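# attaching a predicted model along with its sequence, questions to come.
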Amino acid sequence: MTRPAAMTQARNAQDTRNAQEERRARKGRRARLARGRYGPGLLVPAGLAALLLLLAVAGPWIAPQDPAAGSLDDRLLGLWTPGHPLGTDTQGRDMLSRLVVAVRPSLTGGLLPVAVAAVAGTLLGAVAALAGRITEQALLRTLDVLYAFPGVLLAIAVASLLRPGLTTTVISLSFVLTPAVARVCFTEVQRIRTAEFLEAARVSGAGRAAVVVRQVAPVVAPVVLVYCSSLVGLAIVYAAGLSFLGLGVAPPDPEWGAMLDESRPALLTHPSVAVLPALTILAVSVVFNTLGDALRARAGDSGALLAEAVR
Amino acid sequence: MRRFLLRRLLLAVPTLLGVTVVVFLTVALIPGDPVGALLGPGAPPESRRELTERLGLGEPVPVQYGNWLWHALHLDLGVSISAQRPVTETLLPALGQTLLLTAVAFALVVTGGTALGTLGALRPRGVPGRLSGALNTLAVSAPQYSVALLLIAVFAVWLRWLPAGGTHDVFGGGGPFDLVRHLVLPATAAALVPLGLTARVFRTALGSVLTSDLADSLRARGLSRTAVLRHCVHNASPALLTIGGLQLAYLLEGVVFVETLFAWPGVGRLLYDALTARDLPLVQGGVLLVAVAFVGINILVDAAHALVDPRVRSAR
């Protein structure tokens, strides 16, 4: 009599313990999920990126002074000078205003090529994976050749043909990034090429275009988008690098890379003129890379090594 | 092994050909009128015709490509406009300097990346692990030109510990020690990003080996911690090679910025000067040289890979 009661009690205790553990585990999992979804790891870089985008739109109106106006009397003023909180550059122009106005061209040079590469790369990758063997091989070999160039070198080769400017940055970086996106998309489409749900769609009479739009695209799009988000930081660094080389946005227009190049004569006497844009590019690159990492962590780690392979 | 190498070399031929096609097309597609640019405006038509013929510009593009490739194979890449010397003659001395800088930077990448990655893999939740993780994120995002400028500002201008550029002091000239002093900053600037990436990849690779059955069985046989670690590092080293090869390529493109900022007389610096002077033959020569070096490095990496990992040799 007592034994069953004790056993029931014990079982109940066990049950409650299990249930508790279960509940705790579920709570922990939910907490982890929530952290992964909207935690500071994603929200902070996302917020900063949104702020940067806002600056890109509103920069020219926010900037305290005219970024192009300067007088030789005011040149190379130090930090915290009244009226010029971040000092002035080699031509006496306000550094803060120039850094703020430069957000727009610098971000455009990073974001637009990624957008172009996302579209072009997806199309090329999907065509290579879904077309016949000859088209596939021709496309893949062409992409391999572009892949054989170190990124900056390919950008230089393309950009040296064109007039310096933001358009040149966008065009040449698109050439650099497209093969990478195309590869990711190709692998992804190839993976599902023979999947049963595609077979089912074909058997049920869906046309080729319908299969691509309704069945393939929803599977591939998230992968490609997450991968592209991890390219933005890299593209911003490349874009500023091209301007530094005199191939992108040209002086006197403010752009972080061009500002670096302009600061070189003063580097040894007034390093802050060079350090400010250098730190800005570094910080912006950290923001977008952390954002890309967070998005990738949410989506699973599949693209992690690929993104590093591009660099 | 020999068969593997042979196949790898054969596979590189179409890639190399493709590279030359791309570089040639950038020469051929230069907008504007190269003859007019060389002779200046108002040149008499007969000298124009003569130069067009001499440059082979009247021929169809594939024939032009054939001619150009034939000359390139004989190390004739045309004449640099700004230096008025053959492009090869200008590039080759610079290549030595670039190789020196890249080799030192690469040594930094491999040693630093392995050390940082091992630290992170051994104590992923401890202070060294977290520190190496944070360093990674920063290093991976840092553009080489930013790092170079910050290093110059801190160590050359403010602290005055190290020289800001060049290969030798102008006065009190030379010696290996002087060269090393001049190498520290540019090599660090070039190495930082690849070091971070290498550490990240090696940390993941070593971490998975350390938790594998292999490591458990080694521990069960009573091997010491260092012996287990040694075996595991060996097992994870192919990952190091793959990422190392990619990083070598990254170093090669980074030299354009690093050499420019540190006034290092290498190919990258030459490319920057050529771009500023719009000296297109020199630009194309430099791009071709680096791209070919890149393909060569990839072959070397694959060969090393096959040496370390017997599975690669027999694959496919």
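Done, it's in. Residues are numbered from 1 along each chain as shown, chains lettered A, B, ... in the order given.
# ok, which stretches of the chain are helices?
I went with chain A, as the question did not name one. Ranges of helices within chain A are A:2-38, A:40-62, A:95-101, A:103-130, A:133-147, A:151-159, A:166-192, A:196-203, A:208-210, A:217-229, A:232-244, A:256-263, A:272-299, A:304-310, based on DSSP state H.
# that's the wrong chain, I meant chain B
So, for chain B - with DSSP H - the helices run B:2-28, B:34-39, B:45-54, B:61-73, B:87-122, B:127-141, B:144-151, B:176-210, B:213-220, B:225-261, B:267-276, B:280-308, B:310-314.
# want to throw those into JSON lines with mean neighbour count?
C-beta: built from backbone N, CA, C; applies to glycine. What follows is those, written out as JSON lines (neighbours: other CB atoms under 10 Å in any protein chain shown):
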{"stretch": "helix B:2-28", "mean neighbour count": "15"}
{"stretch": "helix B:34-39", "mean neighbour count": "14"}
{"stretch": "helix B:45-54", "mean neighbour count": "12"}
{"stretch": "helix B:61-73", "mean neighbour count": "14"}
{"stretch": "helix B:87-122", "mean neighbour count": "20"}
{"stretch": "helix B:127-141", "mean neighbour count": "17"}
{"stretch": "helix B:144-151", "mean neighbour count": "25"}
{"stretch": "helix B:176-210", "mean neighbour count": "22"}
{"stretch": "helix B:213-220", "mean neighbour count": "13"}
{"stretch": "helix B:225-261", "mean neighbour count": "21"}
{"stretch": "helix B:267-276", "mean neighbour count": "24"}
{"stretch": "helix B:280-308", "mean neighbour count": "20"}
{"stretch": "helix B:310-314", "mean neighbour count": "12"}
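# do you know which of the ones you listed lies nearest A:Arg93?
helix B:144-151 (18.9 Å; CB to CB).
# residue of the stretch 101-250 of chain B with the smallest distance to chain A?
Across the stretch 101-250 of chain B, the shortest distance to chain A (CB to the nearest CB) belongs to B:Ala153, at 3.5 Å.
# so where's the stretch 1-150 of chain B uncertain?
The stretch 1-150 of chain B contains residues with pLDDT under 70 at B:27-42, B:51, B:54-58.
# in it, which residue sits closest to chain A?
Residue nearest to chain A within the stretch 1-150 of chain B (CB to the nearest CB): B:Gly18, separated by 3.1 Å.
# wait, that residue sits on A:Val145?
Yes - with contact defined as CB atoms under 8 Å, B:Gly18 counts as touching A:Val145 (3.1 Å).
# give the contact list for B:Thr204.
B:121, B:239 (CB atoms under 8 Å, 6 or more residues apart in numbering or on different chains).
# how close does it get to A:Leu143?
27 Å (CB to CB, to the nearest Å).
# what of A:Leu291?
Taken as CB to CB, the span from A:Leu291 to A:Leu143 is 27 Å.
# likewise B:Leu275?
Plainly put, B:Leu275 is 26 Å away from A:Leu143 if you go by CB to CB.
# circling back: so which of the helices of chain A comes closest to B:Leu246?
That would be helix A:304-310 among these, by CB to CB, at 6.1 Å.
# what's the pLDDT at the most centrally placed residue in chain B?
For chain B, the residue nearest the mean C-alpha position is B:Leu252 (1.7 Å; CA atoms, centre = their mean). Looking at B:Leu252, its pLDDT reads 80.
# what's the nearest residue in the stretch 201-316 of chain B when you look at chain A?
Counting by CB to the nearest CB, the stretch 201-316 of chain B gets nearest chain A through B:Glu253, at 3.7 Å.
# give the contact list for that residue.
Contact analysis of B:Glu253 by CB under 8 Å, 6+ apart lists A:150-153, B:290.
# again with B:Val23
Counting by CB under 8 Å, 6+ apart, B:Val23 touches A:157, B:284, B:287-288, B:291.
# can I get the residues you listed in a markdown table including distance to B:Pro86 and pLDDT?
Formatted as a markdown table, the contacts of B:Val23 follow (distance: CB to CB, whole Å; pLDDT from 0 to 100):
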| residue | distance to B:Pro86 | pLDDT |
| --- | --- | --- |
| A:Ala157 | 20 | 80 |
| B:Gln284 | 13 | 82 |
| B:Val287 | 17 | 84 |
| B:Leu288 | 14 | 86 |
| B:Ala291 | 19 | 83 |
